[in-house]
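Enquirer: output the structure for:
(chains A and B)
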Amino acid sequence: DQQVKQNSPSLSVQEGRISILNCDYTNSMFDYFLWYKKYPAEGPTFLISISSIKDKNEDGRFTVFLNKSAKHLSLHIVPSQPGDSAVYFCAASEDAGKSTFGDGTTLTVKP
Amino acid sequence: NAGVTQTPKFRILKIGQSMTLQCTQDMNHNYMYWYRQDPGMGLKLIYYSVGAGITDKGEVPNGYNVSRSTTEDFPLRLELAAPSQTSVYFCASSRTPGQGAHEQYFGPGTRLTVT
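Expert: Next up, the predicted model:
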């Protein structure tokens, strides 16, 4: 049973518009949520995170929203840029540090 | 500060051969991890370590072994390679969780093909 799910394998948006990537989880013990970005032939890089005690965290163009009751989080990118085109992974962790990853969403930002 | 380095970048193995994937980090992180990523899938945890001398199994440990003799190094050993182990392998490290830092730092990956 997959504990972290990204139900959209791909997303295409126009440059300058908002990108919204979604993630659902099932394990209520997760207390920390992270987004990673991955370019081809490179390792994932950390983008932004949120603790379960918060419902929003913002860093420049990137905002993560957490809805604990729905076990849902989303990543908003505004405005989207062509350089944002990559695979985005949602991850969730408990205090032990191990992270469980979703299967990723490929974002394409068209000029 | 090189971060997390992995060698080799690519490797082709024959069925039944063995090899060691090397991973080194220079950030003095206590936690280190090995993941594999199959096409179109997320990262699956193979093994992890919370410090030198301490290792534990992740989600998909069968066919692999690890050791952690130093803080910096966390090699992954494949014994009797099988086609099912064809994948991209990522090593990662992190500070001790609970200190407000859960993010992991990843190496560039090793692309392994077993034929």
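
Enquirer: so who does the most centrally placed residue in chain B touch?
Expert: The residue lying closest to the centre of chain B (Cα atoms, centre = their mean) is B:Trp34, at 2.6 Å. By Cβ atoms under 8 Å, 6 or more residues apart in numbering or on different chains, the contact list for B:Trp34 reads B:21, B:23, B:45-48, B:58, B:64, B:66, B:74, B:76, B:89-92. From N, CA and C alone the C-beta is placed, and that goes for glycine too.

Enquirer: which residue, other than its chain neighbours, is closest to it?
Expert: Excluding the flanking residues, the one nearest B:Trp34 by Cβ to Cβ, 6 or more residues apart in numbering or on different chains is B:Ile46, at 4.4 Å.

Enquirer: what's the neighbour count on the one you found?
Expert: The local packing count at B:Ile46 equals 24, with neighbours defined by other Cβ atoms under 10 Å in any protein chain shown.

Enquirer: quick one: which of the contacts of B:Trp34 sit in strands?
Expert: Counting by DSSP state E, the contacts of B:Trp34 place B:21, B:23, B:45-48, B:64, B:66, B:76, B:89-92 in strands.

Enquirer: what is the least confident helix or strand in chain A?
Expert: Across the helices and strands of chain A, mean pLDDT, DSSP states H and E gives its lowest value to strand A:99-101, namely a mean of 92.

Enquirer: model confidence over stretch A:13-31, on average?
Expert: Stretch A:13-31 carries an average pLDDT of 96.

Enquirer: could you check that stretch and say which residues are buried?
Expert: A:13, A:19-25, A:30-31 (16 or more other Cβ atoms under 10 Å in any protein chain shown).

Enquirer: for stretch B:10-30, same thing?
Expert: Neighbour-count burial for stretch B:10-30 [16+ other Cβ under 10 Å]: B:11, B:13, B:19, B:21-25, B:29-30.

Enquirer: so which of the residues you listed comes closest to A:Ile50?
Expert: Taking Cβ to Cβ as the measure, A:Ile50 lies nearest B:His29 of the buried residues of stretch B:10-30, at 21.6 Å.

Enquirer: does that closest one count as helix, strand or coil?
Expert: Under DSSP: H, G, I helix; E, B strand; the rest coil, the three-state class of B:His29 is coil.

Enquirer: what sits against the nearest residue to it once chain neighbours are set aside?
Expert: Distances taken as Cβ to Cβ, 6+ apart put B:Ser93 closest to B:His29, at 3.9 Å, once the chain neighbours are dropped. Residues near B:Ser93 by Cβ under 8 Å, 6+ apart: B:4, B:25, B:27, B:29, B:31-33, B:74, B:104-105.
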